[in-house]
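**Q** Here you go, sequence then predicted model.
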Amino acid sequence: MNIFLNLINIFLIGLISLALFSCALIQPTPENLNADIELWLEQNEFDKIDKAFNKIPVDDARYQSAIDRKSLIDEKRKNFIQSASESAKNFQQQDKWQQALNTYDDALNKIHDQPVLSQGRADLILERDAQIDTLKKDMMMQRANALISYKKIYDKLLALIPEDRRAQQDIHHYNKNRLEVAQQLNMCGEQARKNKQYLLASDCYALSNQLEPTQQKQLWITSINKQLIRQSTRKSSNELLTAYLVAYNKHEYKKAQQHLKTLLAADPSHEKTRKLLASLNNEISEMALKKINAGKTLYNKKKIDEALKVWQQALLLEPDNDEIIELINRAKKVSKKIQSLEKNQ
């Protein structure tokens, strides 16, 4: 009897499978296809539209009216993708993360594996997880600071009632939490150190060490703080080099020179800066010399005021150049005499 029933079940399953397979091969009629497309467009069911088009012969004239709608369908598809993306991003900006995720999921159910929507969803998950991770770290650190602040209270409580059973239970519970959080912070420090997040690593190790001091944590804190100093120095160096390039490209040579001098004072062993400064000094000296000679040529041609302007430009390049200062003073005296003579005439 059981064998007979099993054979019937197998036969029925086969019939159902065959029926489903046959349905998949059935072409929609032109009339049904147009009606279905209209409905699917209202529901934004673009996957269903694509599957229907895959079942019909492209060269069959009876389906031409449906095929002619493809450009309209593509336009509506494009608008739907843009609308879903914008809607999800708006939800995200309002911190409505689940609604944003639901928007992407609903859209992807209607357009499977659509790159813009899939990437938007992946970016959303990535940012959400990053924020969750940050919040968890903040909660852990706040918990650590609270436990640290309780330590003096529990020490005093233990001194006042060392044999009180309830107090002992509270202290035991506190110590359990303290060691648990210290371990979590230690893991946080190790992970942050591996990721080269030295500031986070330093904070995690420092709090962990306050909760449960160990020599190894102290060594890591010292090592990481040295790394932070080096990192800060590199950042300052990069900023000064960038400022030097900006000033140099604007022909603000004295400002560029000052940036290099500041960098060299902070890091005398910075060979690149030393070479840049030497090169810039030579360039400034050459420019100043050209202006000195140009001014002399103008001066010899009795163009005193023009010579004075050129020498003043040279002085901006080399403020401590005694020759330029002497030339300017001489030109000023001559200019005053000329002006005086012109007034007396």
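**A** Nice, thanks for sending it over.
**Q** For the rest of this, base every contact and every neighbour count on C-alpha atoms.
**A** OK.
**Q** And the helices in the stretch 101-250 of the chain, which stretches?
**A** 115-160, 165-194, 198-211, 215-249 (DSSP state H, counting those that start in this stretch).
**Q** Report the inter-axis angle for the second one versus helix 115-160.
**A** Relative orientation of helix 165-194 versus helix 115-160 (axes from the mean of the first three to the mean of the last three CA atoms, to 10 degrees): 140 degrees.
**Q** Could you single out the most deeply buried of the helices of the stretch 101-250 of the chain?
**A** helix 198-211 (a mean of 22; mean count of other CA atoms under 10 Å).
**Q** how close does the residue nearest to the spatial centre of the chain get to Lys96?
**A** Computing the C-alpha centroid of the chain and ranking residues by CA atoms, centre = their mean puts Glu127 first, at 11.3 Å. In this view, Glu127 and Lys96 are 13 Å apart by CA to CA, to the nearest Å.
**Q** For the helix or strand encompassing Phe80, name the packing helices and strands.
**A** Using DSSP states H and E, Phe80 maps to helix 70-93. Secondary-structure packing of helix 70-93 (3 or more CA pairs under 8 Å, 6 or more residues apart in numbering; DSSP states H and E): helix 97-110, helix 115-160.
**Q** What is the burial count for Val334?
**A** 15 (other CA atoms under 10 Å).
**Q** What pLDDT does the model give it?
**A** Model confidence at Val334, given as pLDDT, is 87.
**Q** Pull out the buried positions in stretch 274-292.
**A** Across stretch 274-292, burial judged by 16 or more other CA atoms under 10 Å covers Arg274, Leu277, Leu280, Asn281, Ile284, Ser285, Ala288, Leu289, Lys291, Ile292.
**Q** ugh, wrong one, stretch 293-301
**A** Under the neighbour-count criterion of 16+ other CA under 10 Å, stretch 293-301 has Gly295, Lys296, Leu298, Tyr299 buried.
**Q** same deal with stretch 300-313?
**A** Ile304, Asp305, Ala307, Leu308, Val310, Trp311, Gln312, Gln313.
**Q** same deal with stretch 324-334?
**A** For stretch 324-334, by 16+ other CA under 10 Å, it's Ile324, Ile325, Leu327, Ile328, Ala331.
**Q** how about the third one, what does it touch?
**A** If I follow you right, that is Leu327. By CA atoms under 8 Å, 6 or more residues apart in numbering, the contact list for Leu327 reads Trp311.
**Q** mind checking which helix or strand it is in?
**A** Assigned by DSSP H and E, Leu327 belongs to helix 322-344.
**Q** ok so, going back, next, check the buried residues of stretch 274-292 against the strands and list the overlap.
**A** Nothing among the buried residues of stretch 274-292 maps onto strands, per DSSP state E.
**Q** Columns distance to Asn209 and pLDDT on top of those residues, output as a markdown table?
**A** Shown next, in a markdown table, are these (distance: CA to CA, whole Å; pLDDT from 0 to 100):
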| residue | distance to Asn209 | pLDDT |
| --- | --- | --- |
| Arg274 | 42 | 89 |
| Leu277 | 45 | 89 |
| Leu280 | 50 | 90 |
| Asn281 | 51 | 90 |
| Ile284 | 55 | 89 |
| Ser285 | 57 | 90 |
| Ala288 | 60 | 90 |
| Leu289 | 63 | 93 |
| Lys291 | 64 | 91 |
| Ile292 | 66 | 93 |
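**Q** Done for today, thanks.
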